[in-house]
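Participant: structure of the sequence below:
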Amino acid sequence: MNIRLIESIIILVVYLSIIMIGAKIEIGGGTMSQSEMVSRQISISLVIGFVFLSGVVALFGWRRDTGLTPIRNAKSLLILWLPALFILGFFSVAVLLGLPAVQALVYVGINTLLVGISEELAFRGVLFSGARSALRPIGAIALTSVIFGAVHVLNGITTGDWATAAVQATAAAMSGLLFIAILIRTGSIVPAMIVHWLWDFGIFALGSRNGHHPAPVAADDSGIMSVLGPVIFVLPNFLFALWLLRGVGSKRSEDLI
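Facilitator: Presented below is the predicted three-dimensional model:
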């Protein structure tokens, strides 16, 4: 296996271990909904995970490889219109229904910012750059998206809700494809970080209002829609990503960003 890819996988495993072990410690070894976790305090494990990834990128000089570069062309930001509409909708509904308390909203904003930056740096940055060095473009994109989705099953460790975690994993893999498309089309990982942050912020601003899981990622006993609902919800993102990635298969891996 390619050394660069092995390094990326090891770094990803360490990062995930920091997040999961730290989160378990923070909630006292029990279980807790994600909405409650992100709204009750600033997560120390997220801070440590962010510092770890930033240190790795600085130590190995991977700033360019991970997409921490200026946007290639300002016009490329026009592709953000679809996620921007969704995000605007999240916050509009949250305002109409009533936002959570200011302190909770601040915690949600900070924690989702840490998640948005760190997950993009870990997956679309470190892992994707490692995959690009070993695989064809389509293979690198597919591997990164599948792993990004799969690790969301680990949310079941802290929430105790494995059914919801499985649904989240599928929806995350589909959304992850859009984040990669944004990276490739803009030439920078920063726009994907911002979209990821605001997407999560908007969803949890809705969900934290009553201390429950936000509706777009929740699963209940209502039948097939509890499984298909979140997937259908992110389907526009997935289809839009496929359209944005048209022709990528003809590129060389090193020319993706």
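Participant: for stretch 97-113, which outside residues touch it?
Facilitator: Contacts with stretch 97-113, where a contact means Cβ atoms under 8 Å, 6 or more residues apart in numbering, come from 37-43, 46, 197, 200-201, 204-206, 208-209. Every residue, glycine included, has its C-beta placed from N, CA and C.
Participant: now those: which count as buried?
Facilitator: In terms of neighbour count (16 or more other Cβ atoms under 10 Å), the buried residues within the contacts of stretch 97-113 are 37-40, 43, 46, 197, 200-201, 204-206, 208-209.
Participant: give me the below-cutoff pLDDT ranges for the stretch 101-250 of the chain.
Facilitator: Of all residues in the stretch 101-250 of the chain, those with pLDDT under 70 make up the ranges 209-227.
Participant: same thing but at 50, please
Facilitator: Judged by pLDDT under 50, the stretch 101-250 of the chain has its weakly predicted residues at 211-222.
Participant: mind jotting down where the helices sit in it?
Facilitator: Read by DSSP state H, counting those that start in this stretch, the stretch 101-250 of the chain holds these helices, from start to end of the chain: 102-119, 128-134, 137-151, 155-159, 162-186, 190-207, 225-244.
Participant: out of these, nearest to S76?
Facilitator: helix 162-186 (4.5 Å; Cβ to Cβ).
Participant: give the buried residues for that closest one.
Facilitator: Here helix 162-186 shows 164-186 as buried, counting by 16+ other Cβ under 10 Å.
Participant: and for stretch 90-98?
Facilitator: Of the residues in stretch 90-98, those scored as buried under the neighbour-count criterion (16+ other Cβ under 10 Å) are F90, F91, A94.
Participant: I'd like those laid out as TSV, including pLDDT.
Facilitator: Supplementary listing: those in TSV, determined by pLDDT from 0 to 100:
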residue	pLDDT
F90	94
F91	95
A94	92
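Participant: nearest to L256, of those residues?
Facilitator: Proximity to L256 was ranked across the buried residues of stretch 90-98 by Cβ to Cβ; first place goes to F90, at 29.6 Å.
Participant: hang on, that closest one packs against G207?
Facilitator: No - applying Cβ atoms under 8 Å, one finds F90 not in contact with G207, separated by 10.1 Å.
Participant: so what sits against both of those two?
Facilitator: The contact sets of F90 and G207 do not overlap (Cβ under 8 Å, 6+ apart).
Participant: neighbours of H152, how many?
Facilitator: Other residues lying near H152 total 21 when counted by other Cβ atoms under 10 Å.
Participant: which residues touch it?
Facilitator: A165, Q168, A169, A172.
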